[in-house]
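Q: this is a predicted model, with the sequence first.
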Amino acid sequence: MGHDFGGTAAHHLERGLALGKKALRFVAGHGVADQTHTRELEEKISQYIKREPDVRFVHHVADVSANLYVRMFQEVDRDATP
């Protein structure tokens with residue numbers, strides 16, 4: 001949940017689920033903390049990922065990470081629904 005989406009996701013989850021800021025601190029915090037990590041990741045990918053199999057691997061990791069976040073949000077929603 002990088003800097004480009006963390007704060008927005010936390011805001012929408014807070015409004016949609018009425019959980020409050022404390023429950024979404026993880027998501028919102030990543031929006032701030034990941035600015036440096038995102039820049040470092042972009043540098044490493046540019047430096048080391050040159051071949052098509054490597055590009056496919058990076059895409060796979062991104063897809064798995066996105067899926068895990070979606071599942072996490074679904075669990076939060078399920079647990080928040082009475």
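A: In hand now; what should we look at? Residues are numbered from 1 along each chain as shown.
Q: what residues sit buried inside stretch 55-63?
A: The neighbour-count check on stretch 55-63 (16 or more other C-beta atoms under 10 Å) flags nothing as buried. To be clear about C-beta, it is placed using only N, CA and C from the backbone, and glycine gets the same treatment.
Q: and for stretch 36-47?
A: Going by neighbour count (16+ other C-beta under 10 Å), nothing in stretch 36-47 comes out as buried.
Q: helices along the chain, start to end?
A: Using DSSP state H, the helices of the chain run over 6-17, 25-48, 52-80.
Q: packing partners of the last one?
A: Contacting helix 52-80 under the criterion 3 or more C-beta pairs under 8 Å, 6 or more residues apart in numbering; DSSP states H and E are the following elements: helix 6-17.
Q: low-scoring stretches of the protein, by residue?
A: The chain contains residues with pLDDT under 70 at 1-34, 77, 80-82.
Q: can you rerun that using 90?
A: Applying pLDDT under 90 to the chain flags the ranges 1-42, 62, 65-66, 68-82.
Q: if I look at Tyr69, how far off is Arg51?
A: Between Tyr69 and Arg51 the computed distance is 28 Å (C-beta to C-beta, to the nearest Å).
Q: looking at these two, which one has more neighbours?
A: Higher neighbour count among Tyr69 and Arg51: Tyr69, with 15 against 9, using other C-beta atoms under 10 Å.
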